[in-house]
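K.L.:
Below is the sequence, then the predicted model.
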Protein chains: 2
Amino acid sequence: MFTDEYFMKIALSEAHLALEKDEVPIGCVVISNNRVIARAHNLTETLNDVTAHAEMQAITSAAHFLGGKYLKNCTLYVTLEPCVMCSGALSWAQISKVVIGARDEQRGFINKQLSLHPKTEIVTGIMENECSSVVKEFFKSKR
Amino acid sequence: MFTDEYFMKIALSEAHLALEKDEVPIGCVVISNNRVIARAHNLTETLNDVTAHAEMQAITSAAHFLGGKYLKNCTLYVTLEPCVMCSGALSWAQISKVVIGARDEQRGFINKQLSLHPKTEIVTGIMENECSSVVKEFFKSKR
């Protein structure tokens, strides 16, 4: 039951919540022991704040839930590859695992030769098409 | 009157506020038209939140003050070179200028070959000794 697809679907539902607010549709969840401890979607426009990416909110929220700033036994599921800012935050958080839906070749951290914490496992390509197309459709509608 | 040293001293006073809370002593201010529109210091321990770096708080706060998410006519004065996370946030904010006190060879964005927004001017070495020694003394006291 608790497959990568199971949790990525929840992250994708967060992306759709962002879409309803005319935000770039990116969503994520943080999981601890198969339990969702944080969920968030991009709110940069709503909050007028470039730091309000889904991952940043979820890291803060998960740490608050756990009562500690490190997310050592947690997994982040995120629909789009984290940017430089979010990869830096994930490194500081020492998160155990990051599962990525679609790659972001231009803005994502992987092509910038950045790495997360040495102990962080990275998985890519979970529900890639669904995660990618929601973002592509959003930008197409803006042109 | 409004020299780089003038504003870096305010950033340094923020670093000392962090020190009083037993936080890694890093502080910053955001300036617009020679006016301080945001000031902040590191609060990662107090808030149990790895994202609570001085710069992240100041970016959010300055955007709130300006009523828009871009800091296009703003200068950030920060006592220590921003990390990967904070450099990513500064890039998204398209800030005009970043003035750095001390370099952070290990954790700073410069040695990671990261750049800020193409239009962002970067100045380093303002009150370098004062900015560096407050951090060094802090870590020495922890050993």
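P.N.:
Thanks, I have the structure now. Residues are numbered from 1 along each chain as shown, chains lettered A, B, ... in the order given.
K.L.:
burial measure for A:R107, as a count.
P.N.:
Neighbours of A:R107 under the rule other CB atoms under 10 Å in any protein chain shown: 16. (C-beta placed from N, C-alpha, C; glycine too.)
K.L.:
Quick check: closest non-adjacent residue to the residue nearest to the spatial centre of chain A.
P.N.:
In chain A, the residue lying closest to the centroid (CA atoms, centre = their mean) is A:V78, at 3.0 Å. Of all residues not flanking A:V78 in the chain, A:C28 sits nearest, at 3.9 Å (CB to CB, 6 or more residues apart in numbering or on different chains).
K.L.:
Touching, the residue nearest to the centre of chain A and A:E55? I think so.
P.N.:
Yes: counting by CB atoms under 8 Å, a contact exists between A:V78 and A:E55, whose distance comes to 5.9 Å.
K.L.:
Find the residues that touch each one of these two.
P.N.:
Counting by CB atoms under 8 Å, 6 or more residues apart in numbering or on different chains, the common neighbours of A:V78 and A:E55 are A:C28.
K.L.:
hang on, the earlier thing: my read is the residue nearest to A:V78 is in a strand, agree?
P.N.:
Yes: secondary structure of A:C28, determined by DSSP: H, G, I helix; E, B strand; the rest coil: located in a strand.
K.L.:
what number of residues lie near it?
P.N.:
Counted by other CB under 10 Å, the residues lying close to A:C28 total 34.
K.L.:
before we move on, the earlier item: could you pull up the residues touching the residue nearest to the centre of chain A?
P.N.:
A:V78 makes contact with A:11, A:26-28, A:54-55, A:98-101, according to CB under 8 Å, 6+ apart.
K.L.:
roughly how far out does the helix or strand that contains it sit from the chain middle?
P.N.:
A:V78 belongs to strand A:74-80 when assigned by DSSP states H and E. Relative to the mean C-alpha coordinate of its chain, strand A:74-80 is positioned 5 Å out (CA atoms, centre = their mean, to the nearest Å).
K.L.:
for stretch A:76-93, same thing?
P.N.:
For stretch A:76-93 - counting by CA atoms, centre = their mean - the centre lies 6 Å from the chain centre.
K.L.:
got the CA positions of it in CSV?
P.N.:
This file holds the C-alpha atoms of stretch A:76-93, laid out as CSV (Å, rounded to 0.1, in the frame of the first residue of the first chain):
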residue,chain,number,x,y,z
LEU,A,76,10.2,14.1,1.1
TYR,A,77,8.1,13.4,-1.9
VAL,A,78,8.1,16.3,-4.3
THR,A,79,6.5,16.7,-7.7
LEU,A,80,9.4,18.7,-9.2
GLU,A,81,13.1,18.5,-8.6
PRO,A,82,14.0,21.0,-5.8
CYS,A,83,15.8,24.3,-6.8
VAL,A,84,19.1,25.5,-5.3
MET,A,85,17.4,27.1,-2.3
CYS,A,86,15.3,24.1,-1.4
SER,A,87,18.2,21.7,-2.0
GLY,A,88,20.2,23.8,0.5
ALA,A,89,17.4,23.6,3.0
LEU,A,90,17.1,19.8,2.6
SER,A,91,20.9,19.5,3.2
TRP,A,92,20.7,21.5,6.4
ALA,A,93,17.7,19.3,7.5
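K.L.:
which sections of chain A are below the confidence cut-off?
P.N.:
In the predicted model of chain A, no residue satisfies pLDDT under 70.
K.L.:
can you map out the helices along it?
P.N.:
Secondary structure of chain A by DSSP state H: the helices cover A:4-20, A:44-47, A:54-66, A:84-93, A:128-142.
K.L.:
Mind listing the residues bridging to the residue nearest to the centre of chain A?
P.N.:
Per DSSP bridges, residues listed as beta-bridge partners of A:V78: A:C28, A:I100.
K.L.:
so how far is A:G67 from it?
P.N.:
Between A:V78 and A:G67 the computed distance is 23 Å (CB to CB, to the nearest Å).
K.L.:
A:E45 now?
P.N.:
Distance of A:E45 to A:G67, computed by CB to CB: 31 Å.
K.L.:
re earlier: so which of the contacts of A:V78 is the closest to chain B?
P.N.:
Proximity of these to chain B, judged by CB to the nearest CB, is greatest for A:E55, which lies at 9.5 Å.
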